[in-house]
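J.: Need coordinates for the following:
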Amino acid sequence: MNAAETSLMITLVRRKNRPACLLLPGAGGGLAHYFGLASHLGLGYNVYGVRPVGLLAGERPQDAIPAMVDSVLHELDRSELVPELVFGWSLGGLLAWETCVRLADRGHRPRLMLVDSSPLARVSTVDEDRRIEELIVRQLGPKAAPEARDRVARVFRGQVAALNEYRTTREYDADVLLLRCTAPGAGIPDAAVRRWSELAPSLTTVSLRAGHFDVFDPEHASALSEAVDGFLGAHQKLLVDGEFGRNPILPAPGRNTR
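T.: Okay, here's the model as predicted:
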């Protein structure tokens, strides 16, 4: 990336010299879902997000998982960041997995947290893709410019194409937390959990009674923070001198909880 190009890295929380936490967004690329989580994790980490290519004018959306991961790693290298914790939801979980696998090739193995991500081949249907695209674009709000809506829609379509070609095949031997949404009609199938357990020898699975698209809503903040705290345990407690567990995840400002 040359000096004229725009960085994909977004700083969410930064306080002096702390370990880095990387958050990778789900389909559509918005980070607003993560604001409360970033506040929570920011008690012990400097927290960063990497947005997808294509959200700004003049950018061409990517349509392959390896290219997306290349962009994430480029941003980490460019920013001289080596994350100790990587987090991803849905598509972001797959990017987080592949990012950690690539970091492991370099000799570094961050802790990894996945939220309702499946390593199995995605079965795509036109109606389902259209429904999700409309949901994502609607979350921009009524005042969003038509150009912004179009860019988010194009990013989503590129991500769908990437998912349709993607298969998770490589193992990752480090601490991994899988948060599985279990509200009726939601969440990844049992086969996906079994496959993650094959790929991650040190996998911990926690069920959250939430839907795939509302897991970050305020009503689930307490359960989500408890799962995160339980996984990070004494390591996070040491980072914040025992204060982490006293601060639940805060809802994102102005978030529509549907």
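
J.: now residue 96: how far from residue 106?
T.: Distance of residue 96 to residue 106, given as C-beta to C-beta, to the nearest Å: 16 Å. For the C-beta atoms, the positions are set from N, CA and C on the backbone; glycine is no exception.

J.: more crowded one of the two?
T.: A direct count of neighbours by other C-beta atoms under 10 Å for residue 96 and residue 106 places residue 96 higher, at 29 against 9.

J.: Name the residues of the helix or strand hosting that one that come out as buried.
T.: Per DSSP states H and E: residue 96 is located in helix 91-105. Neighbour-count burial for helix 91-105, counted by 16 or more other C-beta atoms under 10 Å, picks out 91-104.

J.: which residues are contacting it?
T.: 22-27, 65-66, 68-69, 72-73, 82-83, 86-88, 109-110, 112-117, 119, 159, 163, 166, 168, 170-174 (C-beta atoms under 8 Å, 6 or more residues apart in numbering).

J.: tell me the mean pLDDT for it?
T.: Mean pLDDT, computed over helix 91-105, is 98.

J.: next SSE after that helix?
T.: Past helix 91-105, the next helix or strand by DSSP H and E is strand 111-115.

J.: between that following strand and helix 91-105, how many degrees?
T.: 160 degrees (axes from the mean of the first three to the mean of the last three C-alpha atoms, to 10 degrees).

J.: For strand 111-115, which helices and strands make contact with it?
T.: With contacts taken as 3 or more C-beta pairs under 8 Å, 6 or more residues apart in numbering; DSSP states H and E, strand 111-115 sits against strand 83-89, helix 91-105, strand 176-181, helix 221-239.

J.: mind giving me TSV with those and columns for distance to residue 147?
T.: Converted to TSV, these look like this (distance: least, C-beta to C-beta, whole Å):
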stretch	distance to residue 147
strand 83-89	26
helix 91-105	23
strand 176-181	33
helix 221-239	33
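
J.: Could you find the closest non-adjacent residue to residue 227?
T.: residue 206 (4.6 Å; C-beta to C-beta, 6 or more residues apart in numbering).

J.: any idea how far that neighbour is from residue 178?
T.: For residue 206, the distance to residue 178 - C-beta to C-beta - is 7 Å.

J.: who's more crowded, those two?
T.: residue 178 (23 against 17).

J.: pretty sure the more buried one is in contact with residue 194, am I right?
T.: No - contact criterion C-beta atoms under 8 Å: residue 178 and residue 194 do not qualify, at 11.1 Å.

J.: Contact partners for the residue most central in space within the chain?
T.: The residue lying closest to the centre of the chain (C-alpha atoms, centre = their mean) is residue 88, at 2.3 Å. Shown in contact with residue 88 (C-beta under 8 Å, 6+ apart): 23, 24, 25, 26, 94, 95, 96, 97, 113, 114, 115, 117.
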